[in-house]
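Novice: structure for this input, please:
(chains A and B)
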Amino acid sequence: MESPVLKIESFSASFGEHNVLKDISLEVTRNKLTAMMGPSGCGKTTLVRCINRMHELVPNASVSGKMLLQNEDLYAMNPILARRKIGMVFQRPNPFPTMNIYDNVIAGYKLNGIKISKGDLDAIVEGSLRKGALWDEVKDVLYRKGTFLSGGQQQRLCIARALAMKPEVLLLDEPTSALDPKATSRIEELMIELKNTVTIILVTHNIAQAARTSDFTAFIYLGELVEFGPTQKLFTVPEDKRTEEYLTGKFG
Amino acid sequence: MVNERIFFRIFKDKLFKLSVIGFCFASILPLLFILFYIFKNGIAVINWQFLTELPKPVGEIGGGISNAIVGTVMLVLISSICSIPLGIGAGIYLSEHKQGKLSYAVRLCVEILQGIPSIVIGIIAYVWIVMPLRTFSAVSGGIALGIMMLPIIVRSTEETLKLIPESLKEASLALGVPYYKTIMKVIVPAGLSGIVTAVIISVARVAGETAPLLFTAFGNPFMNINILKPVNSLPLLVFNYAASPYPEWHALAWGASLVLAVLVLTLNVLARIFTKKWKVQF
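Specialist: Okay, here's the model as predicted:
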């Protein structure tokens, strides 16, 4: 079996006195979609924000344990490098309002001052927008502001922007929670397509979404990893009673 | 009986609405009167010579205010150079650190600074800059005006940047963009219209200040572009000429007032246009 892309070993996180994640260990397999599922406030968003170290924006955050990205300690790395290797898409679409669609896609290169020839940039923009299933819709309006797009298109633009950096892992933090059902199904299709090229970690409070899209599912409850395994197994024969109760709607 | 009461209520309602509208018009009136009066008295002396020539000695007809216009521009430039980078920088810090001792202290000081009478700022600039240099100068006047601009720029920058959604910062940081580049290339551009507006408004505000210039820029009947020498400015010229006993100078003072008023109005209109045009949609 191939070594996992991301290895989380007895990882805990807390904000001040408040212990948000307790001793979490799991392994994320390459080119698979791993879903983090659980009720609101269970710590699943915190967990993915710890993966690209965005939790460090909160002043009193502290963590313990290990996170290894391809056997490299993420927490020994410069957070800026870690974030370039791990793309992230947020709950609400957040394209840069001052930039047009083209510049939004290559924002990672432009803002970081990475020098690339115009031809290569064009190729990255087209490739990323194609991967984000947005190319056909925006190829004639590349120089319009990204904020003119619909919510679903904006979210796909944000996915394309993350993909443009060629990340090892793509974190999707409830990417469809601000979208209507049609845009949601579009993004779900996209996630399944993207698995071929990138490892995806999806945070969702939507059980059905996890079931539809993921290969592996982690159920997190009150900061603990209750159960982790292949989605099909976890949804049909859950080992833990709490997982079963959550899936049958007894809480959450 | 009931009908009467309802009638009375409706009457009170109408009266209230009318009086509020009346107050609105009343608050427009002072500006209209001022503009009307300045126009009426000032327009007669305004011509090309007035804008391009130097003042003439008492008794001679004609003469202009070119030295005061140049002086005002110099003072505004010096004050902008001093206060804009400082003000925007401090504003960025405040918007990024909503709590904390330093933010608290800065906010408090800036608020107090805004309330300090402009004449006091002029005296401070006199003690700090004019006395050590042993001469009145454009630099000292510009710094005095810069101190007055600072609070406006700091507070407006802070307020503008605070309104920018946190998600934008996260988007940039998540792409591996360093913090300082995130601020300079994502956050500040998104708030640029607000910041530019604040700068223009603050310039408009200090362009008409007289008190801080009395002991600093001092005034100068000749053309001067040396920042270490005294310069004239429009409000100083108005102040000196209006207080003189000569009717020709009074006329020039009216003309200079008109130029100043038009300048300030233009800046304010510009500020409004910038706010509208550069408004960023989130």
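Novice: who's in contact with residue B:256?
Specialist: Neighbour list for residue B:256: B:42, B:65, B:68, B:234, B:237-238, B:241 [criterion: C-beta atoms under 8 Å, 6 or more residues apart in numbering or on different chains]. (Glycine included, C-beta is placed from N, CA and C.)
Novice: so how far is residue A:229 from it?
Specialist: Residue B:256 sits 83 Å away from residue A:229, going by C-beta to C-beta, to the nearest Å.
Novice: got a list of what the residue of the stretch 151-282 of chain B found nearest chain A touches?
Specialist: Closest approach of the stretch 151-282 of chain B to chain A (C-beta to the nearest C-beta) occurs at residue B:176, with a separation of 3.4 Å. Contacts for residue B:176 were tallied using C-beta under 8 Å, 6+ apart; they are A:80-85, A:108, A:112, A:165.
Novice: with distance to chain B, secondary structure and pLDDT added, can I get the residues you listed in JSON lines?
Specialist: Output for the contacts of residue B:176, formatted as JSON lines (distance: C-beta to the nearest C-beta, whole Å; DSSP: H, G, I helix; E, B strand; the rest coil; pLDDT from 0 to 100):
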{"residue": "A:80", "distance to chain B": "5", "secondary structure": "helix", "pLDDT": "91"}
{"residue": "A:81", "distance to chain B": "7", "secondary structure": "helix", "pLDDT": "91"}
{"residue": "A:82", "distance to chain B": "8", "secondary structure": "helix", "pLDDT": "91"}
{"residue": "A:83", "distance to chain B": "4", "secondary structure": "helix", "pLDDT": "93"}
{"residue": "A:84", "distance to chain B": "3", "secondary structure": "helix", "pLDDT": "92"}
{"residue": "A:85", "distance to chain B": "8", "secondary structure": "helix", "pLDDT": "92"}
{"residue": "A:108", "distance to chain B": "4", "secondary structure": "helix", "pLDDT": "93"}
{"residue": "A:112", "distance to chain B": "6", "secondary structure": "helix", "pLDDT": "91"}
{"residue": "A:165", "distance to chain B": "6", "secondary structure": "coil", "pLDDT": "92"}
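Novice: list buried residues within those.
Specialist: Buried members of the contacts of residue B:176, scored by 16 or more other C-beta atoms under 10 Å in any protein chain shown, are A:80, A:82-85, A:108, A:112, A:165.
Novice: between those residues, which is nearest residue A:125?
Specialist: Ranked by distance to residue A:125 (C-beta to C-beta), the buried ones among the contacts of residue B:176 are led by residue A:108 at 11.5 Å.
Novice: pLDDT below threshold where in the stretch 151-252 of chain A?
Specialist: A:252 (pLDDT under 70).
Novice: point out the residues in it that sit beside chain B.
Specialist: Contact residues, the stretch 151-252 of chain A versus chain B (C-beta under 8 Å from any C-beta of the partner chain): A:158, A:161-162, A:165.
Novice: show me which residues of the stretch 151-282 of chain B sit near chain A.
Specialist: So the stretch 151-282 of chain B meets chain A at B:165, B:167-178, B:181-182, B:185-186, B:189-190, B:192, B:280-282 (C-beta under 8 Å from any C-beta).
Novice: and if we set it to 10 Å?
Specialist: Applying C-beta under 10 Å from any C-beta of the partner chain, we find that the stretch 151-282 of chain B lies next to chain A at B:164-179, B:181-182, B:184-192, B:278-282.
Novice: now the buried members of those residues.
Specialist: For those, a burial check counting by 16+ other C-beta under 10 Å picks out B:164, B:168-178, B:181-182, B:185-191, B:278, B:280.
Novice: returning to what we had before: show me which pair in the contacts of residue B:256 is furthest apart.
Specialist: B:42 and B:68 (13.8 Å).
Novice: between the two, which contacts overlap?
Specialist: With contacts taken as C-beta atoms under 10 Å, 6 or more residues apart in numbering or on different chains, the residues that reach both residue B:42 and residue B:68 are B:252, B:256, B:259-260.
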